[in-house]
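> predicted coordinates and the sequence they were generated for:
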Amino acid sequence: MGAGHTHNRYCRSQKQFADAILAFMRETIPQEWTKFRDKVSDNFRVITHENFWVLK
């Protein structure tokens with residue numbers, strides 16, 4: 001998974017998926033940070049469990 005390869009990937013197993021996500025976070029983000037940094041926002045909302053209903 002490299003820059004420009006973020007969509008339409010299929011992983012046959014949970015391990016392949018986890019490896020791809022970890023590689024993205026450990027390798028791609030640091031290598032491509034200058035491209036990502038302007039897209040990252042620090043405008044977060046706090047989400048609490050009071051705002052959600054769990055249906056059983």
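Received, thanks.

> how far is the one helix or strand residue 18 maps to from where the chain is centred?
Using DSSP states H and E, residue 18 maps to helix 14-23. For helix 14-23, the separation from the chain centroid amounts to 11 Å (computed by CA atoms, centre = their mean, to the nearest Å).

> pLDDT on it, on average?
Helix 14-23 carries an average pLDDT of 93.

> show me what the next helix or strand after it is packed up against.
Counting by DSSP H and E, the element after helix 14-23 in chain order, helix or strand, is helix 29-31. Packed against helix 29-31, as judged by 3 or more CB pairs under 8 Å, 6 or more residues apart in numbering; DSSP states H and E, are no other helices or strands. In short, each C-beta sits where N, CA and C put it, glycine included.

> which positions in helix 29-31 come out as buried?
By neighbour count on 16 or more other CB atoms under 10 Å, the buried set for helix 29-31 is empty.

> just give me the neighbour total for residue 28.
When neighbours are counted by other CB atoms under 10 Å, residue 28 registers 19.
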